[in-house]
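A.B. asks: take this sequence and fold it.
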Amino acid sequence: MWAISRVSCLFALWLCAACTSEPAAAPSYLLGVWQTAAEGYTDQHMFIDERRIGFGTSAVTADGYVIMQIDESCEGAKTLFVVSYQGEDQTKYQLAFFYEPAAGGRIIYKNQDHLVWTRKAATS
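C.D. replies: Predicted structure coming up:
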């Protein structure tokens, strides 16, 4: 009887693990810290690493979220990304932006085309 309940528990754990979605990995060309010179946003930054996206006002102050899915498509001559991410409280969010590879890369929010984000140069 004890063996059956052990096997049942192990099976339930395996089933839960199999149903949990694995966070998506961001493409390497999106990785880095992004900044903008747009009025009202000059003290802001956005970061993207392989599995997280975050927003903040300094290197110390940033809210990070787990990237759950990244969809990439073409909209005309532009590449559109829709990043689905969630916070620790499991609240889900989406961010849609265009990515342009020229000059080290630019990110332009789909719903705010005045916000042009460029990759911050690495400091050594």
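A.B. asks: alpha carbons only for contacts and neighbour counts from here, please
C.D. replies: Noted.
A.B. asks: give me the average confidence score over the longest strand anywhere in the chain.
C.D. replies: Criterion DSSP state E: the longest strand present in the chain is strand 62-75. Mean pLDDT, strand 62-75: 91.
A.B. asks: which SSE is immediately downstream of it?
C.D. replies: Sequence order places strand 78-86 as the next helix or strand after strand 62-75, per DSSP states H and E.
A.B. asks: wait, Leu30 touches Ile48, no?
C.D. replies: Yes - at 6.6 Å, Leu30 and Ile48 qualify as touching, with contact defined as CA atoms under 8 Å.
A.B. asks: of these two, who's got more company?
C.D. replies: Ile48 (21 against 18; other CA atoms under 10 Å).
A.B. asks: quick one: contacts for that one?
C.D. replies: Neighbour list for Ile48: 26, 30-33, 54 [criterion: CA atoms under 8 Å, 6 or more residues apart in numbering].
A.B. asks: which one of the residues you listed is nearest Glu39?
C.D. replies: Nearest to Glu39 out of the contacts of Ile48 is Val33 (CA to CA; 18.5 Å).
A.B. asks: what helix or strand is the closest one on?
C.D. replies: Here Val33 is assigned to strand 32-36, by DSSP H and E.
A.B. asks: isn't Asp43 up against Trp34?
C.D. replies: No - Asp43 is beyond contact range of Trp34, at 11.3 Å (criterion: CA under 8 Å).
A.B. asks: measure the nearest residue to Gln86 once chain neighbours are set aside to Arg119 for me?
C.D. replies: Leaving aside its chain neighbours, Gln86 sits nearest to Lys92 (4.4 Å; criterion: CA to CA, 6 or more residues apart in numbering). From Lys92 across to Arg119, the span is 25 Å (CA to CA, to the nearest Å).
A.B. asks: Val83: which of the contacts of Ile48 is nearest?
C.D. replies: The closest of the contacts of Ile48, once distances to Val83 are taken by CA to CA, is Ala26, at 8.9 Å.
A.B. asks: who has more neighbours, Asp43 and Trp34?
C.D. replies: Trp34 (21 against 13).
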